[in-house]
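just a sequence and a predicted model for now, questions to come.
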Amino acid sequence: MRQAFPPFWMSVQRLLLSIAVGGMLVLAYVAVPIIFQQLPDRIIAGKLAGEVLVYSNYLSLFCFGLLILIALQKAF
């Protein structure tokens, strides 16, 4: 009989989900408005915010990819 999914992996899943979703929310509601307030030119602020969001999306994609791998491991 197969053992239940270990609590360690549940904690890893929660951590990855928190990093992915929490990172996007913090950037969208905290970092980007601060960037636009502090920089005098909206074009420069937009470019900087865009670059920050690109790297945030890469981190989120990595976290979601790991979540999928953990879910597939759980299924088999």
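Arrived safely, thanks for sending.

could you use CA atoms for every contact and neighbour count after this?
OK.

in this structure, which helix has the most residues?
Ranked by number of residues, the top helix in the chain under DSSP state H is helix 42-75.

other SSEs contacting that helix?
Other helices and strands packing on helix 42-75, by 3 or more C-alpha pairs under 8 Å, 6 or more residues apart in numbering; DSSP states H and E, are helix 7-26, helix 32-38.

got a list of contacts for the first one?
Translated: helix 7-26. With contact meaning C-alpha atoms under 8 Å, 6 or more residues apart in numbering, helix 7-26 is reached by 53, 56-57, 59-61, 63-64, 66-67, 70.

redo that, cut-off 10 Å
Identification of contacts with helix 7-26 by C-alpha atoms under 10 Å, 6 or more residues apart in numbering yields 28, 30-32, 53, 56-68, 70-71, 74.

how far off centre is that helix?
Computed by C-alpha atoms, centre = their mean, to the nearest Å, the chain-centroid distance of helix 7-26 equals 8 Å.

re the thing from before, report the buried residues of the longest helix of the chain.
In terms of neighbour count (16 or more other C-alpha atoms under 10 Å), helix 42-75 has its buried residues at 45, 48-49, 53, 56, 59-60, 63-64, 66-67.

now swap in stretch 7-14 and tell me
Gln13.

what do you get for stretch 27-40?
Buried positions in stretch 27-40, judged by neighbour count with 16+ other C-alpha under 10 Å: 27, 31-32, 35-36.

can you show me the CA trace of that stretch as CSV?
What follows is stretch 27-40 as a C-alpha-only set of coordinates in CSV (Å, rounded to 0.1, in the frame of the first residue of the first chain):
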residue,chain,number,x,y,z
LEU,A,27,5.2,43.8,-7.4
ALA,A,28,1.8,44.8,-8.8
TYR,A,29,0.5,46.6,-5.7
VAL,A,30,3.7,47.9,-4.0
ALA,A,31,6.8,48.0,-6.2
VAL,A,32,5.4,49.3,-9.5
PRO,A,33,3.5,52.2,-7.9
ILE,A,34,6.6,53.2,-6.0
ILE,A,35,8.7,53.1,-9.1
PHE,A,36,6.3,55.4,-10.9
GLN,A,37,6.2,57.8,-7.9
GLN,A,38,10.0,58.0,-7.5
LEU,A,39,11.1,58.3,-11.1
PRO,A,40,10.4,61.6,-12.9
